[in-house]
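Colleague: Pasting the sequence and the predicted coordinates here, then a few questions.
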Amino acid sequence: MSLRLLIDQFFASRVASRIGACRRAATLSGACLAPLRQRAMSATTRAWTAAWLFALAGCSSMEDGPAFYWQSASGHLDMMRRARPLDEVLADPGTSDVLRTRLARARDMRTFASRELALPDNRSFSSYADLGRPFVLWNVFATESLSMQLKSWCFPVAGCIGYRGYYDREQAMQFAARLRRSGLEVHVGGVPAYSTLGWFPDPLLSTFIGYSEGELARLIFHELAHQVVYVKGDTTFNESFASAVEEIGVDRWFAARPDPAALTAYRELAQRRRNFVALLVRHKAMLQTVYEQETDEAAKLRGKQAVFDGLRTDYLLLKQTWGGFSGYDRWFTEPLTNAHLAAVGAYNDRLPAFRALFEASGSQLPAFYEAVRALGALPPAQRNARLDELAAQAAARPRED
């Protein structure tokens, strides 16, 4: 998804846990400021956090800086407070048989990830949190009327990113309404999971525990991969790498635990996802072409509407090839905007290159991870040049999906 990495969302809570713990220890030494993992915050810590976040607000837009950071801190910490150890939830007589079965399978996947995929062996996904809502976050994306460039917001740790994330849907919708009143086009999308890159023990969430077997394994492997390698400022690199790991991981999971029906369902859903993303990417490119034309605004608006009309028509045709599968209908429940398409497409652009690098690493994951770390350490121009070379190698050996 990872649509999927939201460092800005846990930044405030990371600061909160550090500063609060160090104050209680009466020290602000470098050792004390090492990453801490806490499940709750005292009232004193919350007070210190509020003061710290107010100071940090000067680093970002003052639209609602302190309020935004506070909702990030309180939202993440509320999730962590809800998290219960898996053993406790599994032993609880109040846990339904369906949930118990899903949690047990998720625990097996977590163990498999470390033992068979060389992914981090830590406390991530060793607990479960029932959030009582369909998504953990809602992301707000915005663009100008005749542009595919996402509006960006800047944060002290994550840098400048093309969305704002909210733990409360109503707050996200209120912010979206403010942006619309300013003349921007806006899309609000739900996020089922995110990674804190190992800063916190990410719990299994009610927002995705009901996924099918293949999709659940895919998500767990993907999010853990972000803890292996993360290159600041290169979303396409990070997401493509994590997607490669999830691909390899799901293949190995089903090879070790054959389930033809589950594997078929996973492959069908994965193919539909690829089909749908390709559809969006194609129409995104068409919009970009319209906006770059040397025509007046009225002509561009007409061209824009024609592209969106064509997208709806092409989607209906695509659905027919799926036998009527309607999993993406929600995308079309509101008027389409540039913001719907602006963030689509780039996340997996480098996936073929990472597939080639995995093969060049002897299909051995530890060697692959080391190669990816070395690649990530290169200056951006060299890194992209090497990825281009790997993609060319992949193109020379077509992959059947």
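Modeller: Arrived safely. Residues are numbered from 1 along each chain as shown.

Colleague: for the longest helix anywhere in the chain, packing partners?
Modeller: Using DSSP state H to define each element, the chain has its longest helix at helix 260-292. Helices and strands touching helix 260-292, by 3 or more Cβ pairs under 8 Å, 6 or more residues apart in numbering; DSSP states H and E, are helix 213-225, helix 235-256, helix 297-321, helix 338-342. In short, each C-beta sits where N, CA and C put it, glycine included.

Colleague: The closest residue to Leu269 other than its chain neighbours and Leu316, how far apart?
Modeller: Spatially, and ignoring its direct neighbours in sequence, Leu269 is nearest to Glu215 (6.7 Å; Cβ to Cβ, 6 or more residues apart in numbering). Glu215 sits 25 Å away from Leu316, going by Cβ to Cβ, to the nearest Å.

Colleague: Who has more neighbours out of the two?
Modeller: Neighbour count, other Cβ atoms under 10 Å: between Glu215 and Leu316, Glu215 has more, with 19 against 10.

Colleague: Tell me the predicted confidence for the more buried one.
Modeller: pLDDT for Glu215: 95.

Colleague: Correct me if wrong: it contacts Arg272.
Modeller: No: with contact defined as Cβ atoms under 8 Å, Glu215 does not count as touching Arg272 (11.8 Å).

Colleague: for the helices and strands packed on helix 260-292, which one sits closest to Pro379?
Modeller: helix 235-256 (12.7 Å; Cβ to Cβ).

Colleague: three-state assignment of Ala142?
Modeller: strand (DSSP: H, G, I helix; E, B strand; the rest coil).

Colleague: and it, bridged to which residues?
Modeller: Following DSSP bridges, Ala142 is listed with bridge partners Val186.

Colleague: Give me the number of neighbouring residues for it.
Modeller: Ala142: 27 neighbours (other Cβ under 10 Å).

Colleague: Would you check that it makes contact with Leu184?
Modeller: Yes: Ala142 is within contact range of Leu184, at 4.4 Å (criterion: Cβ under 8 Å).

Colleague: Residues in contact with both of those two, list them for me.
Modeller: 151, 339 (Cβ atoms under 8 Å, 6 or more residues apart in numbering).

Colleague: Let me see the backbone angles for Gly162.
Modeller: phi -90, psi 40 (degrees, to the nearest 10).

Colleague: Enumerate every residue touching it.
Modeller: Here Gly162 is in contact with 141, 150-152, 342-343 (Cβ under 8 Å, 6+ apart).

Colleague: Please apply the same query to Ala356.
Modeller: 390-391, 393-394, 397.

Colleague: What subset of the residues you listed is buried?
Modeller: The neighbour-count criterion (16 or more other Cβ atoms under 10 Å) marks 390-391, 393-394 among these as buried.

Colleague: Restricted to strands, list those.
Modeller: Among these, none falls in strands (DSSP state E).

Colleague: Take the residues you listed and write them to a markdown table, including pLDDT.
Modeller: Below are the buried ones among the contacts of Ala356 laid out as a markdown table (pLDDT from 0 to 100):
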| residue | pLDDT |
| --- | --- |
| Leu390 | 94 |
| Ala391 | 91 |
| Gln393 | 87 |
| Ala394 | 83 |
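
Colleague: what kind of secondary structure is the residue lying closest to Gly198 once chain neighbours are set aside in?
Modeller: Nearest residue to Gly198, sequence neighbours excluded (Cβ to Cβ, 6+ apart): Gln227, at 4.4 Å. Judged by three-state DSSP, the three-state class of Gln227 is coil.

Colleague: Show the contacting residues for Gln227.
Modeller: Gln227 makes contact with 119-120, 122, 124, 195, 197-198, according to Cβ under 8 Å, 6+ apart.

Colleague: Pull out the buried positions in the helix or strand encompassing Leu387.
Modeller: For Leu387, the element it lies in under DSSP states H and E is helix 380-396. Residues 383-384, 387, 390-391, 393-394 are the ones in helix 380-396 that count as buried (16+ other Cβ under 10 Å).

Colleague: for stretch 364-372, same thing?
Modeller: Using 16+ other Cβ under 10 Å as the test for burial, stretch 364-372 gives 365, 368-369, 371-372.

Colleague: repeat for stretch 125-145
Modeller: 125-130, 135-143.

Colleague: Low-confidence ranges, the protein, go.
Modeller: Scanning the chain for pLDDT under 70 picks out the ranges 1-65, 155-160, 345-346, 398-401.

Colleague: and the end-to-end length of stretch 118-137?
Modeller: 29 Å (Cα to Cα, to the nearest Å).

Colleague: Can you tell me the number of residues neighbouring Ala306?
Modeller: 12.

Colleague: Run through the helices of the stretch 51-200 of the chain in chain order.
Modeller: Secondary structure of the stretch 51-200 of the chain, counting by DSSP state H, counting those that start in this stretch: helices at 65-82, 86-91, 97-117, 169-181.

Colleague: So which of those is nearest Asp202?
Modeller: Nearest of the helices of the stretch 51-200 of the chain (Cβ to Cβ): helix 65-82, 9.2 Å.

Colleague: Dump the C-alpha coordinates for the closest one into CSV.
Modeller: Extracted C-alpha coordinates of helix 65-82, given in CSV (Å, rounded to 0.1, in the frame of the first residue of the first chain):
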residue,chain,number,x,y,z
GLY,A,65,0.2,22.8,12.7
PRO,A,66,-0.3,22.1,16.4
ALA,A,67,-3.7,20.6,16.0
PHE,A,68,-2.5,18.4,13.1
TYR,A,69,0.5,17.1,15.1
TRP,A,70,-1.7,16.5,18.1
GLN,A,71,-4.2,14.4,16.2
SER,A,72,-1.3,12.4,14.8
ALA,A,73,0.1,11.7,18.3
SER,A,74,-3.2,11.0,19.9
GLY,A,75,-4.4,8.8,17.0
HIS,A,76,-1.3,6.6,16.9
LEU,A,77,-1.2,6.3,20.7
ASP,A,78,-4.9,5.4,20.8
MET,A,79,-4.1,2.6,18.4
MET,A,80,-1.2,1.4,20.5
ARG,A,81,-3.4,1.5,23.7
ARG,A,82,-5.9,-0.7,22.0
